[in-house]
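>>> I'd like to go over a predicted model; first the sequence, then the structure.
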Amino acid sequence: MPDFQPIILKNIPDFHNIEVYMKNGGYEAFKKTLKMKPEEIIEEVKRSGLRGRGGACFPTGMKWSFMPQKSEKPKYLCANGDESEPASFKDREIFEKNPHQFIEGTLIACVAMGIKTAYVYIRGEYYPWIVMLQKAIDDAYAKGFIGKNILGSDFSTEVYIHRGAGAYICGEETALLNSIEGKRGMPRFKPPFPANYGLWGCPTTINNIETLANIPPIIENGGEWFSKIGEPKHCGSLLYGLSGHINKPGIYELPSGTLLTDLIYKYGGGVKDNKAIKMIIPGGSSMPPLTADEIDGLQMDNEHLKSVNSYIGTGGIVVMNEDTDVVKIIKRITKFYYHESCGQCTPCREGCGWMLRILDRIDKGQGRPEDIELLRDVACNIEGNTICAFGDAAAWPVKWAIKKFLPDFEKKVNESVSLPIANRVHSLRVTHQE
Amino acid sequence: MEIKFTEENLKKLEEAKSHYPTSDAALMAALWIAQYQFGWLSADVMKYVGGLLNIPYEHVLGVAEFYTMYNKKPVGKYHLQVCTNVSCMLCGGYDVVDYISNKLDIGLGETTPDGKFTLIEAECLGSCGTAPMMQINDYYEENLSKDKIDSILDKLSKS
């Protein structure tokens, strides 16, 4: 799509500067919403078909409509910038290059849901980006876009940054709520859902940073305009992150449904050293990996990825060349989940460690023939048996790697069988058959 | 040494408390302030922070233990946190760990005898497009090569 104009990462120098942002129509959409009825704003977002960009792809307009318009308790908005999924690095690009569009989207969300306090949760490691966003928030305060009686209206709202401290699980929405409350970031059981019982038991909505950054252009150009970009069922642009064995890694904003092969070869400059592809992770480490045979003609949006049993996740694409050791990669990913499990649910807490130990011995050449089946079994017993989606995230890479790359696992296990034992087993089998 | 926040830090804590409806929500911010002032979170520091916010020590400990970035033991002046997660691993993250480990003659989780450098392996730091990388205290060093690591470490060891 050569005529595609980026919606978020616009090619305007110094766009992070509030003056430049305002000169290019910034904060006009917010001004417009101050005169709109909340239902009208939500209706416009619904019409756009915008889906959450954090991985679950939930329709944003619908999520907003779950918030009670009238509430005796205060209402809260949380912008989720925890971004700890391995291979995701899109939100920091927004903080760096276009923080005001995100802030404007946050403010519009506050108007639409009648929210007076918004928290931006940013992972602790992103200190330089926290500084950048804080500067942008301060500038927006100075211009009167945040604070009391914004631009002379009767609407007031505050925006605060909450700095995390290194816990992947805090990207899970209810864990994020506990973290903002100053507790350990352990996910909560749902229901009750955050729209009814969120921060301090009050109605709360949690949106991804990229989701909120998409709001101002939707208000400015109308939901219908947005719904025509990219794939109809998952419309708009996506911030695809390319990493791994690729010549030009980075964030590329393109319409949803862009061909994976275009992303790799046209935009990403192809695989390093012109090697063939072994495996691709399509949307962050927890998404089921793809084989080289699956990528031809594959469009990168949630609907099309489902056809190859995977999901778009956060759009973080990892390209791995033909020399990649699949078992080593899956072991490293499992080590991550083992480290990050909050420990609340037994299947996840124990299962991740179990998977890691089995993968470790397979990788070290000490695997047993039954290990592959055992590994699959453990993964399947984690999946779906935990409070939050972390269990699935830990199980999927293992389960699907075994399914799609079984020969790689078998090769390692077979190599590790010692010859005397193998001969003994073989002779026993022969005897038995006789 | 008496454990007490500086005036400036007490002001920062008051500012943080004003962001939340309950003061105990400022615990994470308070632990950050403490870590910047004292370098790491000893039991006494955690007790002090708990006292300021009227939170039991056990709760403070639970929170501090849950989050990796709070240092529960002393670290060197420069905390070298090398990412070895999947994207960095593919681009040589473990080579960076080995190189630094050999150069400084310390293993993972160890500190140089002069107290200058601590080396750890970190989980994904969201810098996958500029791999391999490491975080040194609050800042990122990306697209690492042996030459780049040499010049970074040389500069830091002189400072």
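Nice, I can see it.
>>> Once you drop chain neighbours, what's closest to the residue nearest the centre of chain B?
Central residue of chain B (Cα atoms, centre = their mean): B:M69, 5.0 Å from the mean position. Leaving aside its sequence neighbours, B:M69 sits nearest to A:G166 (Cβ to Cβ, 6 or more residues apart in numbering or on different chains; 3.6 Å). Glycine gets a C-beta too; all of them are placed from N, C-alpha and C.
>>> From A:G270, how far off is that neighbour?
Separation of A:G166 from A:G270 (Cβ to Cβ, to the nearest Å): 35 Å.
>>> Show me what stretch B:134-141 is in contact with.
Contact with stretch B:134-141 is made by A:125, A:127-128, B:78-83, B:96, B:122, B:125, B:127, B:133, B:144, B:148, B:152, B:156, as judged by Cβ atoms under 8 Å, 6 or more residues apart in numbering or on different chains.
>>> Which ones among these lie within strands?
Of the contacts of stretch B:134-141, the ones assigned to strands by DSSP state E are B:Y78, B:H79, B:L80, B:Q81, B:V82, B:C83, B:A122.
>>> ok, now which ones touch the residue nearest to B:M69?
A:R123, A:G124, A:E125, B:Y67, B:T68, B:M69, B:Y70.
>>> State the phi and psi torsions of it.
With angles defined as degrees, to the nearest 10, A:G166 sits at phi 90, psi 60.
>>> Kindly report the same for B:E141.
phi -120, psi 120.
>>> for it, which residues make a bridge with it?
Counting by DSSP bridges, B:E141 forms beta bridges with B:M134.
>>> what about it, how many neighbours?
When neighbours are counted by other Cβ atoms under 10 Å in any protein chain shown, B:E141 registers 18.
>>> Also B:Q135?
B:Q135 is flanked by 23 other residues according to other Cβ under 10 Å.
>>> One more: A:L50?
Counted with other Cβ under 10 Å, residues neighbouring A:L50 total 24.
>>> From A:N80, how far off is it?
15 Å.
>>> can I see the domain layout of chain A?
Domain segmentation of chain A under automatic domain parsing yields A:18-227, A:232-321, A:326-416.
>>> quick check: mean pLDDT across the longest one?
What it means is domain A:18-227. Average pLDDT, domain A:18-227: 97.
>>> what distance separates the start and the end of it?
Criterion Cα to Cα, to the nearest Å; first-to-last residue distance in domain A:18-227 is 28 Å.
>>> Not including adjacent chain positions, what is the nearest residue to A:T157?
Nearest one to A:T157, counting by Cβ to Cβ, 6+ apart, is A:C110 at 4.5 Å.
>>> just to revisit the earlier point, which among the contacts of stretch B:134-141 end up buried?
When these are checked for burial by 16 or more other Cβ atoms under 10 Å in any protein chain shown, the buried set is A:125, A:127, B:78-83, B:96, B:122, B:125, B:127, B:133, B:144, B:152.
>>> tell me the two of these that are most distant?
Pairwise distances across these (Cβ to Cβ) peak at 20.5 Å, for the pair A:Y127 and B:V96.
>>> in chain B, which spans are strands?
B:78-83, B:117-122, B:134-136, B:139-141.
>>> and A:G222, which of the ones you listed is closest to it?
Among these, the nearest to A:G222 by Cβ to Cβ is strand B:139-141 (38.8 Å).
>>> What residue in chain B is the furthest from its centre?
Of all residues in chain B, B:P21 has its C-alpha farthest from the mean position, at 28.0 Å, by Cα atoms, centre = their mean.
>>> Was I right to think that one contacts A:P74?
Yes: using Cβ atoms under 8 Å, B:P21 makes contact with A:P74 at a distance of 7.4 Å.
>>> what's next to the biggest helix by length in chain A, contact-wise?
Taking DSSP state H as the criterion, chain A has its longest helix at helix A:346-363. Applying Cβ under 8 Å, 6+ apart, the contact partners of helix A:346-363 are A:325, A:327-328, A:330-331, A:334-335, A:337-338, A:341-343, A:367-368, A:371-372, A:374-375, A:378-379, A:381-382, A:385-386, A:390-391, A:394-395, A:398, A:409, A:412-413, A:416.
>>> Only the buried subset of the residues you listed, as a ChimeraX command please.
Those of those that count as buried under 16+ other Cβ under 10 Å are selected in ChimeraX with:
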select /A:327,330,331,334,335,337,338,341,342,367,371,372,375,378,379,382,386,390,391,394,395,398,409,412,413,416
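>>> from the contacts of helix A:346-363, which are also near chain B?
Filtering the contacts of helix A:346-363 for neighbours of chain B using Cβ under 8 Å from any Cβ of the partner chain leaves A:C342.
>>> Restricted to strands, list the contacts of helix A:346-363.
Going by DSSP E, the strands hold none of those.
>>> hang on, A:Y252 in a strand?
Yes: using DSSP: H, G, I helix; E, B strand; the rest coil, the assignment for A:Y252 is a strand.
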